[in-house]
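1. What shape does this take:
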Amino acid sequence: QVQLVESGGGLVQAGGSLRLSCAASGRININNFISWFRQAPGKEREFVASARWNDGSTRYADSVKGRFTISRDNAKNAVYLQMNSLKPEDTAVYSCATDPIYPYVEAHRYVYWGQGTQVTVSS
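-> Next up is the predicted model:
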């Protein structure tokens, strides 16, 4: 079992920045990926970014490349999502998820999920 807890969401103006954190505990497999997803009202859950625990290999959705950066701190069992140049369309509940050995973009491939943190970007 793995437990995930997100934090760092909030309200920010367009063009601003936020840093999300995901604290992991339990049986973490360092060969696995941990990912961020987001879900806006009325929309399906969308892949944002992924990083592998052991070597930091990353994958990003095209919509956030160049603006968001995923990083991890293995000593703290934490993963971060630095979000810059935020846009109103980035407004969503952001959740971290883990378990797969590949950075899948499909949410159903992930077993463990956090409760999510709300990010609201005003125009």
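
2. what sits against the residue nearest to the spatial centre of the chain?
-> Most central residue of the chain, judged by C-alpha distance to the mean C-alpha position with Cα atoms, centre = their mean, is Trp36 at 2.1 Å. For Trp36, the set of contacting residues under the criterion of Cβ atoms under 8 Å, 6 or more residues apart in numbering consists of 20, 22, 48-50, 70, 79, 81, 94-97. In this view, the C-beta of every residue, glycine as well, is placed from N, C-alpha and C.

3. Buried residues, stretch 115-123. List them.
-> Buried residues in stretch 115-123, counted by 16 or more other Cβ atoms under 10 Å: 116-117, 119, 121.

4. Within the helices and strands, which one has the closest residue to the residue nearest to the centre of the chain other than its chain neighbours?
-> Spatial nearest neighbour of Trp36, excluding adjacent residues (Cβ to Cβ, 6 or more residues apart in numbering): Val48 at 4.2 Å. With elements taken from DSSP states H and E, the one containing Val48 is strand 46-52.

5. Each with direction, which strands does that strand pair with?
-> Note on strand 46-52: by DSSP bridges, its sheet partners are strand 33-39 (antiparallel), strand 58-60 (antiparallel).

6. To Glu106, which of those lies closest?
-> Distances from Glu106 to each of those were compared using Cβ to Cβ; the shortest belongs to strand 33-39, at 10.0 Å.

7. Tell me which residues of that closest one come out buried.
-> Residues of strand 33-39 classed as buried: 33-38 (neighbour count, 16+ other Cβ under 10 Å).

8. Do you have the helices of the protein handy? List them.
-> Shown for the chain, no helices are assigned by DSSP state H.

9. Regarding it, what is its longest strand?
-> In the chain, assigned by DSSP state E, the strand with the most residues is strand 18-26.

10. tell me the average confidence for that one?
-> What strand 18-26 shows for mean pLDDT is 97.

11. What strands line up against that strand, and which way round?
-> Taking DSSP bridges, the sheet neighbours of strand 18-26 turn out to be strand 2-7 (antiparallel), strand 78-83 (antiparallel).

12. Tell me which residues of it come out buried.
-> When burial is assessed from 16+ other Cβ under 10 Å, strand 18-26 yields the following buried residues: 18, 20-24.

13. Right, I'll leave it there.
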